[in-house]
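Student: I need the structure of the sequence given here:
(chains A and B)
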Amino acid sequence: GAGVSQSPSNKVTEKGKDVELRCDPISGHTALYWYRQSLGQGLEFLIYFQGNSAPDKSGLPSDRFSAERTGGSVSTLTIQRTQQEDSAVYLCASSFSPLVADTQYFGPGTRLTVL
Amino acid sequence: AQSVTQLGSHVSVSEGALVLLRCNYSSSVPPYLFWYVQYPNQGLQLLLKYTSAATLVKGINGFEAEFKKSETSFHLTKPSAHMSDAAEYFCAVIIQGAQKLVFGQGTRLTINP
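Tutor: Modelled structure (predicted):
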């Protein structure tokens, strides 16, 4: 079956512009996660959605970052007024259930470059 | 705070040799532990996970890992390396009550012919 998909695969933007990154989780998966992978910080958690519950936003690095999940499926990560330090690969993952040990399946990522 | 330490950012082995990638965790409670692999320009793929059942966990592609509470370790091994194993490997942990994966810094595995 289809895995987690993300779009665009690459995004180049200018400093100060807003960007939107999209994630389509595996059909039927209730939990959705965003992570960021950068050279300096490694892999770090950003935000977690589970069903209709309030998201866990504890990993968002600043208020320029926000995310939403519509209809319990597709998610969009928005970065406002991008900065060069936002350059990274943004990874989305989904899991079937909220059980802690449930496998998180990752998408291929969106590589964001801020000039 | 929960953390994971991977010893060695880069490991190089010969084809056919033993692969050993080290991971140590810090946790005051038994964690759930994972190994993920990332091939170039791809997302992360789960190799195996420990969820407090058997301490020796077998995963895909011939990899296995052993949970050792006394050493707070979860090292990844494969008896015989193959060229296709060249990738970056990440150890990760989740503590009970949390949902997010906390990753180590990763180990890049190179296989020499």
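Student: Run through the strands of the chain in chain order.
Tutor: The chain I'm using is chain A. All strands of chain A, identified by DSSP state E, fall at A:5-7, A:10-13, A:19-24, A:31-38, A:42-50, A:65-69, A:75-79, A:88-95, A:105-106, A:110-114.
Student: nope, chain B
Tutor: Using DSSP E, strands in chain B cover B:3-7, B:10-14, B:19-26, B:32-38, B:44-50, B:56-58, B:64-68, B:73-78, B:87-94, B:102-103, B:107-112.
Student: buried sites along the second one?
Tutor: Of the residues in strand B:10-14, those buried under the neighbour-count criterion (16 or more other C-beta atoms under 10 Å in any protein chain shown) are B:11, B:13. Placement of C-beta: from N, CA and C, glycine included.
Student: Just checking: what are the partner strands of that strand?
Tutor: Neighbouring strands of strand B:10-14 in its sheet, by DSSP bridges, are strand B:107-112 (parallel).
Student: Could you export the strands of chain A as a markdown table, including mean neighbour count, distance to chain B and mean pLDDT?
Tutor: A markdown table is the format used below for those (neighbours: other C-beta atoms under 10 Å in any protein chain shown; distance: least, C-beta to the nearest C-beta, whole Å; pLDDT from 0 to 100):
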| stretch | mean neighbour count | distance to chain B | mean pLDDT |
| --- | --- | --- | --- |
| strand A:5-7 | 17 | 8 | 97 |
| strand A:10-13 | 14 | 10 | 98 |
| strand A:19-24 | 18 | 11 | 98 |
| strand A:31-38 | 23 | 7 | 95 |
| strand A:42-50 | 20 | 4 | 93 |
| strand A:65-69 | 17 | 14 | 95 |
| strand A:75-79 | 19 | 15 | 97 |
| strand A:88-95 | 24 | 6 | 96 |
| strand A:105-106 | 22 | 4 | 94 |
| strand A:110-114 | 18 | 9 | 97 |
